[in-house]
Each structure stands twice: as C-alpha cells, then as structure tokens.
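[1] no FASTA, just this:
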C-alpha cells in the first residue's frame, strides 16, 4: 500500500532523540526553547510557543483572546474538526464561511457578505479562523482588511502550511494574523510525533500562551500577587492546562527542521509532476495562487465529468493506493448537526466533499511510486 502521507525519519533524528534521552532534560528543557527560536527566526515572528499538539494550540490561542460563552468563532467547513472545536472548548458559538470553488479555502467574498449581515444583526464574530488548506494560504490580506473593518481577531490555522509563503513572506510572520498555528503530526511537513506551535508578534499573547500551556502557573515574581515566598515559589494566576511539549519531541522537531527546505522542495516537485501527469484526465487539479507558495501537505483532486466518486476512490484503494479524503464538512458531523447545522448550509463545501480525493503526497514518495498512483487513477477512471 502506498499511503497518502507518512513521516520521514533519518539517523540524525534518531540520534537527536537518543541524545535527549541521555540528557538531564526530558520534559520542559532547552530543546524546546531551541526549537521555538529556530521557527520564530525562520518565520520572522517575535514569539513561538510550542505545545503538545495543534488542537491544544488552537484552544489556548482562543483562551488568550478571552473567547467565551455568548461570543462567536467563525471558520471554514473544509477543515479538521479541531478548527471549530477550539471555539466550543471555550463555550463560544461556532459558525462557518463557505469555501472558494477554486482554492477550496475560506472564500473572502462569502466572508465579506456574512460579516455585513452579521454587523446589521449585531452578531459579529470575535475570532475568525481561516485554514491554509493543503498548505496554501487563504486570501489573508483581504481577511486582515476585513478584521480591521469589523473588529475581529484572526487566528490562522496553518497546520498544513509549515514552510509556506504568502506575498513573499513566510507564513507565520504575523503580517495578517494575530496568531498562527502549526502542526507537527507525522503526516505534516515536519514531525515531532505529536506537537503544535503558536506564532505571534504580541508580547502579551506570548506571555499568556506560555502560562496557559502549563496550568496557568507563573514563576515570575513581577506577575505575582503579593510577595514571593522564595525561589521555590510559584502562583497559579488562571485556569490553564498541561499542554506542554516534551524535550524529546522538540529534539526530533529541531532535527527535522534542519531538512525543512529539502522536504518542501520534494513535495513541490511531486506536485508539479502530478500537474503534468494528470492534465488530460477529467479532474479538477489544485489551484496555484500567484501570490502564495504552498507547502503541499496534501495534493487533492476533484473527479469531474460525471465520474462516480466512490467507485474511483474504492478502485484506488483496491489497487493498493492509500488515498484519503480531506475533509468531511464539519457542519455535517453529528455533533454540529445537534447544534442546528444541516445538510445544504454550505453547498460549495458539500460539492467539494462529493468529488475530492487526496492522492499520496510525502517527501519520501518516489517517482516510480507516483507513476503507480497515476496509472491506478487512470485505470479507475477508465473503468
């Protein structure tokens, strides 16, 4: 079986983890700070806060902005459920903005129309979470412009977009978002096993994020109420969580980070090769934005021309091609249907779901394996 995605671990990664296991630090130690600095410097951001996974990152990003009951978070229906669940964790209401039929990202025109209606109704979102689907940025400049007009915060879910760029700047630089989220799950661009990270240029948010990931506790005497009792002393200032990354994970992540450009170059070469090999088939191929360079976490095609989506998908699986489907529209999940959402609410995301197939895409995928994928896809379509 050729999987749709997988990690690539080499001896340097293994040696980095072993060195940490033999050190004095396994949990919150120097490897985390080194990993955070490396990513912040690359992304040209002031701060990076590493956590145990990207879902935790989304959660405390919302908490750092004081999202709470009675307030609203908007995101896209074409995402993993975590992009919406982070709002629910805070007791907030969640709503969605339909996708652009070309980019499959949050549609800025739909967002503008929905904001105009929400302003008239007096029910504007506090936070909007655009998702860089498959590794390509949304129209972040337009979303930032709308955020200034309507007064909402932007948390960019760039879980797919580690190493991507937008308008000549690294994703995560903070030009268009209050915070940006990265994921280091094994199928992402680099991995820490499980892991996530938040980038921000705001000192106050960085300070609070670091506290929220560790039980809401501080050891900084300047932040304490009253005097410190001594060098052992700490105070819990608010309700936080144990969302810490370990030094073991950070050591793996830092080692992987050294090969980021190699991983990206291979993914981009594979995407370009797919573009050529699939050009004559009845498929909608991924749209390439002129002002953005994707990290190519996913390579998604949409079956067209009356093809039976399920039959094509099943034929590929039967041929040993581990295709997948990203994503089931969040509003169609039973939990969100119980909140009042229904089929037909976001028709473009639903049309996308009825046609989309994620083809194998990972840095270790060989040209010969990619040829097998394409041959199996041709056969499935012909059948």
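    All right, it came through fine. If you're wondering where the values come from, they're calculated on a predicted model, not measured in any experiment. Residues are numbered from 1 along each chain as shown.
[2] burial measure for the nearest residue to residue 378 once chain neighbours are set aside, as a count.
    Nearest residue to residue 378, sequence neighbours excluded (Cβ to Cβ, 6 or more residues apart in numbering): residue 281, at 6.8 Å. Any C-beta I mention is one placed from the backbone N, CA and C, and that applies to glycine too. When neighbours are counted by other Cβ atoms under 10 Å, residue 281 registers 17.
[3] dump the residue contacts of residue 281.
    Neighbouring residues of residue 281 by Cβ atoms under 8 Å, 6 or more residues apart in numbering: 377-378, 381.
[4] got a winner among those for most neighbours?
    Counting by other Cβ under 10 Å, top hit in the contacts of residue 281: residue 377 with 25 neighbours.
[5] name the element that residue belongs to?
    Residue 377 is part of helix 367-382 when elements are defined by DSSP states H and E.
[6] for that helix, name the packing helices and strands.
    strand 2-3, helix 260-277, helix 309-318, strand 321-322 (3 or more Cβ pairs under 8 Å, 6 or more residues apart in numbering; DSSP states H and E).
[7] would you mark the buried spots in that helix?
    For helix 367-382, the neighbour count (16 or more other Cβ atoms under 10 Å) marks 370, 372-374, 376-377, 380-381 as buried.
[8] what is the nearest of these to residue 14?
    Nearest to residue 14, judged by Cβ to Cβ, of the buried residues of helix 367-382 is residue 370 at 26.9 Å.
[9] residue 360 is in contact with that closest one, correct?
    Yes: contact criterion Cβ atoms under 8 Å: residue 370 and residue 360 qualify, at 7.3 Å.
[10] element containing residue 32, please.
    Secondary structure assigned from DSSP H and E places residue 32 in helix 30-43.
[11] just how off-centre is that helix within its chain?
    18 Å (Cα atoms, centre = their mean, to the nearest Å).
[12] and for stretch 111-130?
    Centroid displacement of stretch 111-130 relative to its chain, using Cα atoms, centre = their mean, is 22 Å.
[13] ok, which stretches of this protein are helices?
    Secondary structure of the chain (DSSP state H): helices at 11-21, 30-43, 54-64, 82-89, 108-121, 140-150, 203-212, 247-257, 260-277, 309-318, 334-337, 347-353, 367-382.
[14] possible to save these as a markdown table with distance to residue 324 and mean pLDDT?
    Below are those laid out as a markdown table (distance: least, Cβ to Cβ, whole Å; pLDDT from 0 to 100):
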| stretch | distance to residue 324 | mean pLDDT |
| --- | --- | --- |
| helix 11-21 | 25 | 97 |
| helix 30-43 | 27 | 98 |
| helix 54-64 | 18 | 98 |
| helix 82-89 | 17 | 98 |
| helix 108-121 | 26 | 98 |
| helix 140-150 | 26 | 98 |
| helix 203-212 | 31 | 97 |
| helix 247-257 | 22 | 98 |
| helix 260-277 | 15 | 98 |
| helix 309-318 | 9 | 98 |
| helix 334-337 | 21 | 98 |
| helix 347-353 | 13 | 98 |
| helix 367-382 | 13 | 98 |
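[15] those: which one's closest to residue 290?
    Among the helices of the chain, the nearest to residue 290 by Cβ to Cβ is helix 140-150 (12.7 Å).
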